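[1] give me coordinates for this.
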Amino acid sequence: MLKRTRKLQNLQNGFLMSTTARWRIYIQITFIRIQIIIPRKYLVEKKTNIAKDIVDVTYPDFTKNYTTESYLRERAILTPTNAIVDEVNFHVLNLIPGITHSYLSQDSIDTETGNDDNDYESSFPIEYLNSINMPSIPKHYLKLKVEAIVILMRNLNQIMGLCNGTRMVLTKCLKNSVECQLLTGSHAGTKVLIPRIEMEPTDTHFPFVFNRIQFPLQICFTMTIKKSQGQSLQTVGLFLPRPAFSHGQLYVVISRVTSPDGLHILIEGDNGETCNFTANVVFDEVFYNLPVSV
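    Down below sits the predicted model:
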C-alpha cells in the first residue's frame, strides 16, 4: 500500500498532459491538496460581467461573425453544470439580433404503466410537469433564434448525420418544425427539418412515466464538459465559477482543443474574483492496479 501511495504521489507531482494528433500541451501542476495551479497564459481575467468576459474571449467580435459558419464551428464554451450553461447561452442569444421564437412543450404522464389506484393527474398537475427540467430532455419553454447554434439531444437519422450531440445552426423557425444546417461531420452544410418528438427520460425518481413532446434541441454556444466529449474545437473557453466535480473533467476539456493557443480558462474564486487554481478530481481507485517497481 505504501508503494502504491508513493506511485500516486509521483504521478500527482508530474504533468497534466493532453495529446492530440499533432501536438501536446503540458500544464505544470502544483498540488495544494486537491487543487492545481493553471499557468497565467491560459487564464482569462474578470473585467466586468464574468459571463461576458468568457464570451468575449471565446467569441471575439461576435456581432460581426455570428453568421459565419467556420467561426461558429470551431469554438465553444465548456462548463461543468447545466445551470451555468443556461446562463451563458442566454447571454449570447441576446447578442443575436432578430425575433426570439418561443416553443412550449406538451407534457403528460403515461398512466397505463402506473398504479391505477392513484390519481396521478390530480397529484401532479400540468404546471408541475412543465416545471420539470432535466439534462436529458429539452426545456418546456424553449427559446430559439435564427443563426443560433443548437445541439441535437436525440438520434433522429444517423445516416444523415442527425445524431445525439450534433451541432447545427438554426436557419428557420416555423410553427411545427425548425430548419437547421449541420455544422460538422460529413453532412456539414446540409439543411434538415427538425420536428417535435416525444421524449421520455429514462433515469428519474418519479413514480410515473413522464413524456414531453418538444423539439429535441438545446442552445449550444455553451455546453457541459460531459456533452463536449467527441467534439474537436480550435477555440475552447473553460468557464469554472465552481470546480469540475467529476473524474477527469479537466482532461476532457483540454483534449477538446486542437491548439494550445485556443485554450482560455476563467476561474471564479470563492470571493467572486478570478483566480489561477481549481480542483482536479481524480478517483484514487484508478491508481490501485498500477504496476509498482520493487
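[2] so which residues make contact with stretch 210-217?
    By CB atoms under 8 Å, 6 or more residues apart in numbering, the list of residues contacting stretch 210-217 from outside reads 103, 105-110, 129, 132, 137-140, 142, 144, 150-154, 156, 178, 180, 194-201, 204. C-beta coordinates here come from the backbone N, C-alpha and C atoms, glycine included.
[3] one more: stretch 83-99?
    51-52, 54-55, 59, 62-63, 66, 77, 79, 100, 143, 145-148, 173, 219-224, 239, 241-242.
[4] among those residues, name the ones in strands.
    77, 79, 143, 173, 219, 222, 223, 224, 239 (DSSP state E).
[5] residues in contact with the nearest residue to residue 234 once chain neighbours are set aside?
    Once flanking residues are discounted, residue 234 sits nearest to residue 74: 3.9 Å by CB to CB, 6 or more residues apart in numbering. Residues near residue 74 by CB under 8 Å, 6+ apart: 233, 234, 235.
[6] residue 38 too?
    Contacts of residue 38 by CB under 8 Å, 6+ apart are 27, 265, 267, 276, 277, 278.
[7] any idea how many residues pack against the spatially closest residue to residue 167 that is not a sequence neighbour?
    Nearest residue to residue 167, sequence neighbours excluded (CB to CB, 6+ apart): residue 183, at 4.6 Å. Residues near residue 183, counting by other CB atoms under 10 Å, number 21.
[8] can you tell me how far residue 183 sits from residue 189?
    Noted for residue 183: a distance of 9 Å to residue 189, by CB to CB, to the nearest Å.
[9] shared neighbours of those two, anything?
    Applying CB under 8 Å, 6+ apart, one finds that residue 183 and residue 189 are jointly contacted by residue 69.
[10] quick one: the strands in the stretch 151-294 of the chain?
    Using DSSP state E, counting those that start in this stretch, the strands of the stretch 151-294 of the chain run over 167-173, 177-182, 191-195, 197-199, 209-214, 217-219, 222-224, 235-240, 263-267, 277-279.
[11] still on that earlier bit, just the buried subset of the contacts of stretch 210-217, please.
    By neighbour count, with 16 or more other CB atoms under 10 Å, the contacts of stretch 210-217 hold 103, 105, 107-109, 129, 132, 137-140, 142, 144, 150-154, 156, 178, 180, 194, 196, 199 as buried.
[12] before we move on, back to that, looking at it, the residue nearest to residue 167 is touching residue 68, isn't it?
    No. At 11.3 Å, residue 183 does not count as touching residue 68 under the criterion of CB atoms under 8 Å.
[13] for residue 130, what is the enclosing helix or strand?
    Using DSSP states H and E, residue 130 maps to helix 126-131.
[14] helices or strands next to that helix in the packing?
    Helix 126-131 sits against strand 106-110, with contacts defined as 3 or more CB pairs under 8 Å, 6 or more residues apart in numbering; DSSP states H and E.
[15] now the angle from the strand it packs on to strand 209-214?
    160 degrees (axes from the mean of the first three to the mean of the last three CA atoms, to 10 degrees).
[16] ok, strand 106-110: who's next to it in the sheet?
    Sheet pairing of strand 106-110 (DSSP bridges) gives strand 209-214 (antiparallel).
[17] which parts of the partner strand are buried?
    209, 210, 211, 212, 214.
[18] low-confidence regions, the stretch 1-150 of the chain specifically.
    Within the stretch 1-150 of the chain, the ranges that satisfy pLDDT under 70 run 1-34, 111-119.
[19] redo that, cut-off 80
    Scanning the stretch 1-150 of the chain for pLDDT under 80 picks out the ranges 1-36, 48, 110-122.
[20] can you show me the helices along it?
    2-12, 50-58, 62-65, 69-73, 82-93, 120-123, 126-131 (DSSP state H, counting those that start in this stretch).
[21] winner for burial among the ones you listed?
    Comparing the helices of the stretch 1-150 of the chain by mean neighbour count (mean count of other CB atoms under 10 Å), helix 50-58 comes out on top with a mean of 20.
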